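Q: Mind folding the following:
(one chain, ligands or ions: 3)
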Amino acid sequence: MGEKIIPLADHRYLAAAPRVPSLLEPPTGRLSDRRGRPLRDLRISVTDRCNFRCSYCMPKEVFDKHYQFLPHSSLLSFEELTRLAGVFVAHGVEKIRLTGGEPLLRKDLERLVAMLSALRTPAGRPLDLTLTTNGSLLARKAQALKDAGLRRVTVSLDALDDTIFRRMNDADFPVADVLHGIEAAERAGLGPIKLNMVVKRGTNDQEILPMARHFRGTPVVLRFIEYMDVGASNGWRMDEVLPSAEVVARLDAAFGLEPLAPAQAGETAQRWRWRDGSGEIGVISSVTQAFCGDCNRARLSTEGKLFLCLFAHRGHDLRALLRGGCSDAQLAGAIGQVWSERSDRYSELRSSLPAEQAGHGGPRVEMHYIGG
Ligand code: SAM
Ligand code: SF4
Ligand code: SF4
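A: Ligands and ions are numbered 1, 2, ... in the order given. Have a look, this model is predicted:
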């Protein structure tokens, strides 16, 4: 018999299968972690591959032609994903975001969207089903995604200037194609569209005002994201972070802003509106203003590992339970136990951590693998 070859990628991140409790209680939809936070939001990474090489996420020097992405057999199938999602929904998840890598690279994604959109909360409501994309394939896929039951999309766009945009995506991808994708999504009814711009001081902060000017007065909600120290390959430095307070100050000086109340608990963005009534923007201050206090988000990696925090060192291998023959009740018991033991709050602790654990020192999970 030949030697069994275990793909290297499977060892990429530490993850043990969670324990299945011997006493199984049915999910109540009211899970709570050690800090009293419920589980409401599940982000599912459907692929670890991407056609962009944004330097803050998948720098080309690391993610080159030698990099081993996960083999197809490691990925959760749509059936496995839907089954797991159903268990999370029974535990109280109301919102599912598909992400990646670039989620639109996953073949037949519309089929997964259709399967997930059939799920209902315990109260019988449909899920808030959304997707984050770099927009490169959106013009082609927006209508099919809408028809399959997707509600909204979030598009990432870091610059309007074509030269800066091509440099940032490092795949020479033109900004015009992403703008067409946004228009197609609007036409298909996938709005109101949120637009994420990661701001890197000295790289694209000169694009803050042009982006604001372009999208003011449209239904698109532009959100400025602080460049984060996710993963261990982007060479993060604090001096490249432009604090949201400075973004707000620049926008206020140019156009006039006033704060808005949060729409719902656990929201990552602080909302502001233009004083002249031409819409709203958001800022996501993951570095300068921690929002772990009401973080209700869980993340499922492309190969079915559950991460309780974007900055986690280890996951919980749900694929092992799925493929090991666990029942839904057993899966629910294991997930419930993991969440009830959660105490993660990395962003709150960042500034007080020893240097080797803060910034880009730790062996943390990469963004393209668990999504944003
Ligand atoms: N490929 C899709 C996209 O770019 O929208 C989905 C996956 S991407 C990992 C999800 C979000 O994470 C994007 O909006 C991206 O800009 C953001 N992101 C990635 N690396 C980041 C970093 N170091 N700091 C802040 N945001 C980051
Ligand atoms: Fe790809 Fe999105 Fe990461 Fe950019 S941020 S490299 S588009 S996964
Ligand atoms: Fe949630 Fe972790 Fe981010 Fe805090 S650092 S908001 S716990 S994902």
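
Q: could you show me where the helices are in the protein, in order?
A: 78-90, 109-117, 138-148, 162-169, 175-188, 208-215, 244-255, 318-323, 328-340, 346-349, 367-370 (DSSP state H).

Q: Including distance to Thr28, could the ones you listed go into a markdown table?
A: C-betas here are computed from N, CA, C, even on glycine. What follows is the helices of the chain, written out as a markdown table (distance: least, CB to CB, whole Å):
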| stretch | distance to Thr28 |
| --- | --- |
| helix 78-90 | 9 |
| helix 109-117 | 22 |
| helix 138-148 | 30 |
| helix 162-169 | 44 |
| helix 175-188 | 36 |
| helix 208-215 | 42 |
| helix 244-255 | 36 |
| helix 318-323 | 20 |
| helix 328-340 | 9 |
| helix 346-349 | 28 |
| helix 367-370 | 27 |
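
Q: between those helices, which gets nearest to ligand 2?
A: helix 367-370 (4.4 Å; CB to the nearest ligand atom).

Q: Can you give me the neighbour number for Pro259?
A: 10 (other CB atoms under 10 Å).

Q: does the residue nearest to it when sequence neighbours are not counted have beta-bridge partners, and which?
A: Leaving out its chain neighbours, the residue that sits closest to Pro259 by CB to CB, 6 or more residues apart in numbering is Trp272, at 5.6 Å. Going by DSSP bridges, Trp272 is paired in beta bridges with Pro259, Ile281.

Q: hang on, the earlier thing: out of the helices of the chain, flag the one nearest Gln68.
A: Checking those against Gln68 by CB to CB gives helix 367-370 as the closest, at 12.3 Å.

Q: What is the closest one packed up against?
A: If contacts are counted by 3 or more CB pairs under 8 Å, 6 or more residues apart in numbering; DSSP states H and E, helix 367-370 sits against strand 41-45.

Q: Which positions in the chain make contact with ligand 3?
A: By the rule CB under 6 Å from any ligand atom, the part of the chain lying against ligand 3 is Phe291, Cys292, Cys295, Arg297, Cys309, Leu310, Phe311, Asp344, Arg345, Tyr346, Ser347.

Q: residues in contact with Glu79?
A: When contacts are counted by CB atoms under 8 Å, 6 or more residues apart in numbering, Glu79 touches Met115.
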